[in-house]
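*Asks:* Please find the sequence and the predicted model below.
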There are 2 protein chains.
Amino acid sequence: MPVSISVVNQKGGVGKTTTAVNLAACLAAAGHPTLLVDADPQGNATSGVGVIPQDLEFTIYDALLEQAALEETILPTFITGLSLIPANIDLSGIEIALMDRPDRLERMKKLLAAINDRFEFILIDSPPSLSLLALNVLAAAERVIVPVQCEYYALEGLTTLLQTFERVRETVNPNLDILGILMTMYDKRTNLAQQVVAEVERVFPKQVFTTVIPRSVKLSEAPSFGKPIIYYDFNSKGSEAYIGLCQEVLERVKETRAGQGAGRPVERFDESPLGERSPRDGAAGDAERLAAGDPAGGDPGQP
Amino acid sequence: MPVSISVVNQKGGVGKTTTAVNLAACLAAAGHPTLLVDADPQGNATSGVGVIPQDLEFTIYDALLEQAALEETILPTFITGLSLIPANIDLSGIEIALMDRPDRLERMKKLLAAINDRFEFILIDSPPSLSLLALNVLAAAERVIVPVQCEYYALEGLTTLLQTFERVRETVNPNLDILGILMTMYDKRTNLAQQVVAEVERVFPKQVFTTVIPRSVKLSEAPSFGKPIIYYDFNSKGSEAYIGLCQEVLERVKETRAGQGAGRPVERFDESPLGERSPRDGAAGDAERLAAGDPAGGDPGQP
């Protein structure tokens, strides 16, 4: 079974899509075959890896409603080892399509269960809401990353979010586990950012990732070029941060899987340890192929 | 019965909140007591009229779940004739709270039905989704304004939206009527904007409002000062546009009410006709009171 990680926060603009796209790209570049699932009707994770949301024959909408075979909805990307189930605005209709169905909370879970071992990781981007679609994401994934913006009212909404996790655990997904809280848009020049990080660490001492994502022009520019940051500007602070996050994620997944003694053997994660083949190496390798005009899976495209 | 108008589009960033806030302010300034209902967990309509979403005792969440009396949730604003039912991030929990209730689609409808004749208009801002919350808004209001951004893929999502209107009409709200499609963020310097307007007018010849909302720095700045545009910069293009929209809305509501022969007498709308007391007069009057440091209902505040 692949490790499934959702990126969830009902607040918009906290860095969910940036995190899903860049973590997925880093995992793939580090040698772990990864599937990025776009579960947000805005389709920004889709365009973020160079696929144009408006031009698609099949999307996650069709997969969730079993209107297309799963394999038909999985697209290659220009990044070696990274595939995509894309989304576009059609997905906004899923709420109505599912509303009266008894299995309405478990469509995504069923979808993910059908995804086989050719992927080691599944990363799911989610909508800025706690709608039926967002609940489907929480019902489906083993682990959650919660991005939190280093801003006033950073903790706003977190109580509701944690209550939602609890409710999901009690009903459709008893294994739901917070992999970590990720502080985003950190501006080291402001006292506010430092205070916010300190406060969130005080409230959630064990959950906050050591890696902090900086506020960065490069990170905001990359999506309009349809590229994860490690392909847009490998030497940027944003790139460095997501590579760091990738390492932390690999470590935490390894620890928790070992702790639970469940799932597939921990050894699988050691096959391509970061010590031997770091995200830098992987990304650089892919970046070189990219520069040489030979990206795997076709053109990056311009969203 | 007040005239209820929702502002709906599942796409984010098309100008829903800007339209709800500014149309509500113009209607109030033109002498029509108006209630602005914030039905978006982002709370931007709330902060847009100078109320800080994070500091509230009661919000629409409490009203929808009948945890507070309706009157407790209605706040005055600094604008004469404009009241507010505010929202904040708590509202994101409404989806789960309602999910298993048989009346889940009609909570907002019930809420609005309890609002009495002290208001002539109810304007409802909605979330960028077709979630249960958005469907509640559609189930509750007689009329919809659909803002459409003058951009590539302007018509994207409109098919899904219109199908949703149809489904709502067939089930919980047979009277649902499109009051108009509003073209927003129009940049007259680009050919694209003109082409988009022409295309949308071709597809929806009767629905598109004559008034077009320009792309404007003033319109984007006003919310951070907690003020509708007519109070932030009365002489701006954005201000002029929303005053124009207000007049069109009053005319269309009058026509359709007359055509249906239903609802309260058409004459009510003539009591303060725009010819005698234009939005400009009303707004200017309020703006003067504001400048004199005597806004109705307390300080504008800074969100």
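*Replies:* Alright, I've got the coordinates. Model, not experiment: these values are computed from the prediction. Numbering: from 1, shown residues only, chains lettered A, B, ... in the order given.
*Asks:* Residues of chain A that sit close to chain B?
*Replies:* Counting by CB under 8 Å from any CB of the partner chain, chain A comes close to chain B at A:10-12, A:41-42, A:54, A:88-90, A:92-93, A:95-96, A:99, A:127-135, A:153, A:156-157, A:160, A:163-164, A:167. (Glycine included, C-beta is placed from N, CA and C.)
*Asks:* how far does stretch A:147-158 sit from the chain's center?
*Replies:* Put simply, stretch A:147-158 sits 19 Å off its chain's centre (CA atoms, centre = their mean, to the nearest Å).
*Asks:* which residues touch it?
*Replies:* The list of residues contacting stretch A:147-158 from outside it, by CB atoms under 8 Å, 6 or more residues apart in numbering or on different chains, reads A:7, A:9-11, A:13-16, A:18-19, A:146, A:181-187, A:192-193, A:196-197, A:199-200, A:203, A:212-213, A:215, B:41, B:54, B:88-89, B:92.
*Asks:* For that stretch, which residues meet the burial criterion?
*Replies:* A:147, A:148, A:149, A:150, A:151, A:154, A:156, A:157, A:158 (16 or more other CB atoms under 10 Å in any protein chain shown).
*Asks:* Show me the two of those residues that sit farthest apart.
*Replies:* A:150 and A:157 (15.0 Å; CB to CB).
*Asks:* what about residue A:165, which SS state?
*Replies:* helix (DSSP: H, G, I helix; E, B strand; the rest coil).
*Asks:* Which pLDDT value belongs to the nearest residue to it once chain neighbours are set aside?
*Replies:* Spatially, and ignoring its direct neighbours in sequence, residue A:165 is nearest to residue A:176 (6.0 Å; CB to CB, 6 or more residues apart in numbering or on different chains). With respect to pLDDT, residue A:176 has a value of 97.
*Asks:* what does residue A:1 give?
*Replies:* For residue A:1, the predicted pLDDT is 87.
*Asks:* can you give me the strands for chain A?
*Replies:* Per DSSP state E, chain A carries strands over the ranges A:3-7, A:34-38, A:75-76, A:82-85, A:121-125, A:143-149, A:177-184.
*Asks:* With distance to residue B:34 added, can I get those in a markdown table?
*Replies:* As requested, these are arranged in a markdown table below (distance: least, CB to CB, whole Å):
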| stretch | distance to residue B:34 |
| --- | --- |
| strand A:3-7 | 39 |
| strand A:34-38 | 39 |
| strand A:75-76 | 48 |
| strand A:82-85 | 44 |
| strand A:121-125 | 38 |
| strand A:143-149 | 33 |
| strand A:177-184 | 38 |
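*Asks:* which of these sits most buried?
*Replies:* strand A:34-38 (a mean of 29; mean count of other CB atoms under 10 Å in any protein chain shown).
*Asks:* still on that earlier bit, ok, of the residues of chain A next to chain B, which come out buried?
*Replies:* Using 16+ other CB under 10 Å, the buried members of these are A:10-12, A:41-42, A:88-90, A:92-93, A:95-96, A:99, A:127-135, A:156-157, A:160, A:164, A:167.
*Asks:* Filter those down to the ones in helices?
*Replies:* A:95, A:96, A:99, A:132, A:133, A:134, A:135, A:160, A:164, A:167 (DSSP state H).
*Asks:* what two of those are the furthest from one another?
*Replies:* The distance between the two most remote of those (CB to CB) is 23.6 Å, for A:96 and A:160.
*Asks:* For residue A:129, give me its contacts.
*Replies:* Applying CB under 8 Å, 6+ apart, we find residue A:129 in contact with A:10, B:41, B:92, B:95, B:127, B:129, B:131.
*Asks:* Same question for residue A:245.
*Replies:* Here residue A:245 is in contact with A:19, A:22, A:23, A:26, A:182, A:209, A:211, A:213 (CB under 8 Å, 6+ apart).
*Asks:* I figured the last one was touching residue A:229, is that so?
*Replies:* When you say that, I think you mean residue A:213. No. Counting by CB atoms under 8 Å, residue A:213 does not reach residue A:229; the two are 10.0 Å apart.
*Asks:* neighbour count winner among those two?
*Replies:* Neighbours per residue, other CB atoms under 10 Å in any protein chain shown: of residue A:213 and residue A:229, the larger number sits with residue A:229, 29 against 26.
*Asks:* in chain A, which ranges drop under the pLDDT threshold?
*Replies:* Low-confidence segments of chain A (pLDDT under 70): A:258-303.
*Asks:* middle-most residue in it, spatially?
*Replies:* Centroid check for chain A by CA atoms, centre = their mean gives residue A:20 as the closest residue, at 2.6 Å.
*Asks:* Assess the claim that that one and residue A:9 are in contact.
*Replies:* No. If you go by CB under 8 Å, residue A:20 and residue A:9 don't touch, sitting 11.4 Å apart.
*Asks:* how near is residue A:101 to residue A:2?
*Replies:* 26 Å (CB to CB, to the nearest Å).
*Asks:* So between those two, which is more surrounded?
*Replies:* Legend: neighbour count by other CB under 10 Å for residue A:101 and residue A:2, higher for residue A:2 (21 against 11).
*Asks:* Name the nearest residue to residue A:164, sequence neighbours excluded.
*Replies:* residue A:130 (5.5 Å).
*Asks:* gap between the two ends of stretch A:63-80?
*Replies:* From its first residue to its last, stretch A:63-80 covers 23 Å (CA to CA, to the nearest Å).
*Asks:* Give me the buried positions along it.
*Replies:* For stretch A:63-80, a neighbour-count test (16+ other CB under 10 Å) marks A:63, A:64, A:68, A:70, A:73, A:74, A:75, A:77, A:78, A:79, A:80 as buried.
*Asks:* Tell me the one of those residues nearest chain B?
*Replies:* Taking CB to the nearest CB as the measure, chain B sits nearest to residue A:64 out of the buried residues of stretch A:63-80, at 14.4 Å.
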